[in-house]
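*Asks:* sequence plus the predicted model coming up.
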Amino acid sequence: MVATFESVQQFGKEQLEAFTTATDAITKGWQGIATETTDYSKKSFEKTRELAEKLIGVKKIDEAIALQSEFAKSSYEEFVAESTKLGELYTALAKEVFKPIESAAKVFTPSA
């Protein structure tokens, strides 16, 4: 098959569009991940500050241990939930990035 100038030009345009779409998806995905990470960090810092304030006012060691235990349990649960959410964001990012590349690669796949 002989490629014409127009077909080569169209192919180049499609590849550039796929690259641009993938780049846009990467940018939006990283912004979403950064926002989520920042929000989680702020919440975590605030909860740690609240725990410190509560611990200052504790009069019995049993109360301090109970506060620490509650804090550790809730922190762990929040961390697992946040990790799951970030994993989903990374998965969505990968799917979005490879979608235009996958469609552009179909040009090279021989049809049966």
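*Replies:* Thanks, I have the structure now.

*Asks:* can you name the residues in contact with stretch 25-45?
*Replies:* The contact list for stretch 25-45 (Cβ atoms under 8 Å, 6 or more residues apart in numbering) reads 75, 78, 82, 85-86, 89-90, 92-93, 96-97, 99-100. All C-beta atoms are positioned from the backbone trio N, CA, C, and that covers glycine.

*Asks:* 10 Å instead?
*Replies:* 75, 78-79, 81-83, 85-86, 88-90, 92-101 (Cβ atoms under 10 Å, 6 or more residues apart in numbering).

*Asks:* can you flag the buried ones in these?
*Replies:* The neighbour-count test (16 or more other Cβ atoms under 10 Å) marks 82, 89, 93, 96-97, 100 as buried among the contacts of stretch 25-45.

*Asks:* remind me which residues of the chain are low pLDDT?
*Replies:* Applying pLDDT under 70 to the chain flags residues 1-3, 104-105, 107-112.

*Asks:* not counting its neighbours along the chain, what's nearest residue 82?
*Replies:* The shortest distance from residue 82 to any non-neighbouring residue, by Cβ to Cβ, 6 or more residues apart in numbering, is to residue 40 (4.9 Å).
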